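# Sequence below, structure please.
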Amino acid sequence: MPLKYHWQLPKAVPKEIENRFPEIHPIILSILFQKGLTEQREIDEFLFPDYSRDIYDPFMLKDMRKGVERIRKARDKKEKVVIYGDFDADGVTSATVLFKTFRKIGIKSPEVYLPDREKDGFGLNEAAIKRFAKEGVNLIVTCDCGITNYEEVKLAQQKGIDVIVTDHHQEGTKLPPAFSLINPKLKREKYPCKHLAGVGVAFKLCSALLRQEKMSSNEAFEKWLLDLVAVGTVADMMPLLGENRTLVKYGLIVLNKTSNLGLRTLIERMGLALGNISSEDISFRIGPYINAAGRINHANDALLLLLSHSKEEANRFAEKLEEMNNRRQKIIDKVITEIKGRFSQEIRRKIIFVEGNWPEGIVGLVAHRLVEEYGKPAVVVSKTRDLKGSGRASGSFDLFGILAKFRKYFLSFGGHKKAVGFKLKNQECLNLLKEELLREAHQFKEEEFCPKIRIDAVVRLEDINWELYEKIDCFQPFGQDNEMPKFLARNIQLTDMMTVGRNGEHRRLIFENTKKMIYFSVEKDNGLKVGNHYDVVFVLGVNQWNGQQELQLKVVDIREA
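Numbering: from 1, shown residues only. Down below sits the predicted model:
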């Protein structure tokens, strides 16, 4: 049964704003207004990001100078340095950016340590720190982790190891006693962009280091790192607004001519073409391949791809990532099939709560698929080693707030409104959590978790043309908090309909005898009838086929007028 979406209609643009911007196309003005952009400076910054103007000084971060001086001291004294990352795409790209920069400024052999998702868990761990101490490590620089690791940083300090934390997660109850804490999300920070990815924060440290060295080649070197910044930022679903938008916009320019042999090889293997890589390609292709390493085996495979020095090496690791990504997809499909068969009763409830002997690395993706398919909050728990779970939600539903009521059952818990992760104390806590959560679910209102479609402008079919598409193209890169603009055409007549696709799963719709729309993955009994009038929400793209280009209107949702 198709999901029911709540349509959020656009607010009308006030006359005062229309009069202030008479030169802006009314549809474009509506899109900008829905984003809260009503001042010339904000509009210019959004539509025309400028690297030299819109990138903030890294030394605006409170402990940046301290961190830079400590790293330079480690370089000068030939100390042993470890880069400690995370096992996802953001952590891997962060570690790669730091490794390349440390080598550039003269740190000969920095070690990169990425934890094992299942054995080590997220963040710094005690066993690794004890090993580093035995090996004579003097400095640990974290990336995409560390801000909640009070005890682990304290242990490192006791063993004579300095720690510089670069992270972008929320601080815990107590800040770790690190030599330097570089994180724009800290309450004490006044840094303008609070939503940098882990790789964005690592890049800021690299930028500061390169500026201190004052070598003529450093500015170019810094910009060649932006491909990795774009991949990590988009893959970690950070808002593509403000400084992030500028980093990704320029990062995509670099990615489309990347000098990183591993990225070039991966892109080639996927059948993508340099020069046409978009943020959507990172979201749905490149990011998942890099993430697959940490989910299925070990993130080192992704790291070694990005640090490859030969085509043979790059091919080997790209092939491994492809194989792991295929395995990941098969495992998720198998788990979803199992859930539909074994937990049919749970699926009918207001919140889906399922548990099983499934790999820890895929429970978040399974929860996401359940939310997409059923439009309800979903919590999925793995019982393979520890009792680790992930939850996802859509709409205005605050899953984090609901689960936070049950902190007494968790060994660890974190996340945000629509995505949470946790580790339970024992089986009894799992049983109690499930029981109490499902009891509380009775008071949930369906409209809270009903997925929303935010419409940017109401249009007429005759408004849709190449000129409008070119204006909308300025809104790229699309991603988190900057989705592709959605348009609503009202009361339009369906004048023809054709079945298309290898298995007849799509429909080509003709409205008013003039405009073609493509409606992907439609149920056979979809209720659409030629001659009827419909309200249609769609996005605007380009279809390239046989060397030809045409505007493509893709249906997002459709209702009888």
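
# Burial check on V254, number of neighbours?
19 (other C-beta atoms under 10 Å). Placement of C-beta: from N, CA and C, glycine included.

# I'd say it and D227 touch.
Yes: with contacts counted by C-beta atoms under 8 Å, V254 reaches D227, the gap being 4.3 Å.

# And the pLDDT for L3?
Per-residue pLDDT puts L3 at 67.

# Can you tell me the SS state at the residue positioned nearest the centre of the chain?
By C-alpha atoms, centre = their mean, the chain has its centre lying nearest to M237, at 1.9 Å. The assignment at M237 comes out as coil when based on DSSP: H, G, I helix; E, B strand; the rest coil.

# mind listing what it touches?
Applying C-beta atoms under 8 Å, 6 or more residues apart in numbering to M237 gives the contacts 479-480.

# so how far is V379 from it?
Distance, M237 to V379, by C-beta to C-beta, to the nearest Å: 19 Å.

# what about the helices in the stretch 301-450 of the chain?
311-342, 344-347, 363-374, 399-404, 427-440, 446-449 (DSSP state H, counting those that start in this stretch).

# Make TSV from those helices and add distance to G232 and mean pLDDT to it.
Shown next, in TSV, are the helices of the stretch 301-450 of the chain (distance: least, C-beta to C-beta, whole Å; pLDDT from 0 to 100):
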stretch	distance to G232	mean pLDDT
helix 311-342	16	95
helix 344-347	34	86
helix 363-374	18	92
helix 399-404	23	88
helix 427-440	33	93
helix 446-449	29	73
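
# on that earlier part again, okay, the residue nearest to the centre of the chain: pLDDT?
At M237, pLDDT is 89.

# any idea how far it is from D90?
9 Å.

# how many other residues sit next to A12?
Neighbours of A12 (other C-beta under 10 Å): 10.

# domain parsing for the protein?
Listed by automatic domain parsing, the domain ranges of the chain are 6-48+455-560, 54-216, 343-449.

# most tightly surrounded among the helices of the stretch 301-450 of the chain?
helix 363-374 (a mean of 21; mean count of other C-beta atoms under 10 Å).

# Nearest approach to V231 belongs to which of the helices of the stretch 301-450 of the chain?
Judged by C-beta to C-beta, the one of those that comes nearest to V231 is helix 311-342, at 13.0 Å.

# picking up where we left off before, kindly provide the distance from the residue nearest to the centre of the chain to R285.
Computed as C-beta to C-beta, the M237 to R285 distance reads 15 Å.

# so where do the strands sit in the stretch 101-250 of the chain?
Counting by DSSP state E, counting those that start in this stretch, one finds strands in the stretch 101-250 of the chain at the ranges 111-113, 139-143, 162-166, 180-182.

# Could you list the low-confidence segments of the chain?
1-3, 216, 524-525 (pLDDT under 70).

# what about 80?
1-4, 214-217, 395-396, 414-417, 445-450, 521-526, 544-547 (pLDDT under 80).

# how about the helices of the stretch 301-450 of the chain in a markdown table, adding distance to N300?
Converted to a markdown table, the helices of the stretch 301-450 of the chain look like this (distance: least, C-beta to C-beta, whole Å):
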| stretch | distance to N300 |
| --- | --- |
| helix 311-342 | 9 |
| helix 344-347 | 36 |
| helix 363-374 | 21 |
| helix 399-404 | 31 |
| helix 427-440 | 31 |
| helix 446-449 | 38 |
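
# closest one to R460 among these?
Nearest of the helices of the stretch 301-450 of the chain to R460, taken as C-beta to C-beta: helix 446-449 at 29.8 Å.

# which secondary structure elements does that closest one contact?
Applying 3 or more C-beta pairs under 8 Å, 6 or more residues apart in numbering; DSSP states H and E, we find helix 446-449 packed against no helix or strand.

# Would you agree P49 is in contact with V248?
No: the criterion here is C-beta under 8 Å, and P49 misses it with V248 at 9.0 Å.

# quick one: which of these two has more around it?
Comparing P49 with V248 by other C-beta under 10 Å, the one with more neighbours is V248, at 30 against 20.

# Quick check: that one vs L365, distance?
Separation of V248 from L365 (C-beta to C-beta): 23 Å.

# where do the helices sit along the stretch 151-300 of the chain?
198-213, 218-224, 226-235, 242-255, 261-270, 279-281, 287-296, 300-306.

# Looking at those, which one is packed in the most?
Mean neighbours per residue, mean count of other C-beta under 10 Å, is largest over those for helix 226-235, with a mean of 29.

# I'd like a version of the domains of the chain in JSON lines, one that adds distance to V335 as further columns.
Formatted as JSON lines, the domains of the chain follow (distance: least, C-beta to C-beta, whole Å):
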{"stretch": "domain 6-48+455-560", "distance to V335": "20"}
{"stretch": "domain 54-216", "distance to V335": "16"}
{"stretch": "domain 343-449", "distance to V335": "5"}
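
# and of the helices of the stretch 301-450 of the chain, who's closest to I267?
Comparing these against I267 with C-beta to C-beta, the closest turns out to be helix 311-342 (9.1 Å).

# number of nearby residues for Q549?
Q549 has 10 neighbours, counted by other C-beta under 10 Å.

# Tell me which residues of the helix or strand encompassing it come out buried.
Here Q549, judged by DSSP states H and E, is contained in strand 548-560. For strand 548-560, the neighbour count (16 or more other C-beta atoms under 10 Å) marks 552-553, 555-558 as buried.

# Switch the helices of the stretch 151-300 of the chain over to JSON lines; also include distance to P477.
Below are these laid out as JSON lines (distance: least, C-beta to C-beta, whole Å):
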{"stretch": "helix 198-213", "distance to P477": "14"}
{"stretch": "helix 218-224", "distance to P477": "17"}
{"stretch": "helix 226-235", "distance to P477": "7"}
{"stretch": "helix 242-255", "distance to P477": "5"}
{"stretch": "helix 261-270", "distance to P477": "16"}
{"stretch": "helix 279-281", "distance to P477": "4"}
{"stretch": "helix 287-296", "distance to P477": "13"}
{"stretch": "helix 300-306", "distance to P477": "21"}
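
# Ok, which of those comes nearest R70?
helix 198-213 (10.8 Å).

# by contact count, what packs against that closest one?
When contacts are defined as 3+ C-beta pairs under 8 Å, 6+ apart, helix 198-213 packs onto helix 64-76, helix 89-104, strand 139-143, strand 162-166, strand 180-182, helix 218-224, helix 226-235, helix 242-255.

# if we go to 7 Å?
helix 64-76, helix 89-104, strand 162-166, helix 218-224, helix 226-235 (3 or more C-beta pairs under 7 Å, 6 or more residues apart in numbering; DSSP states H and E).
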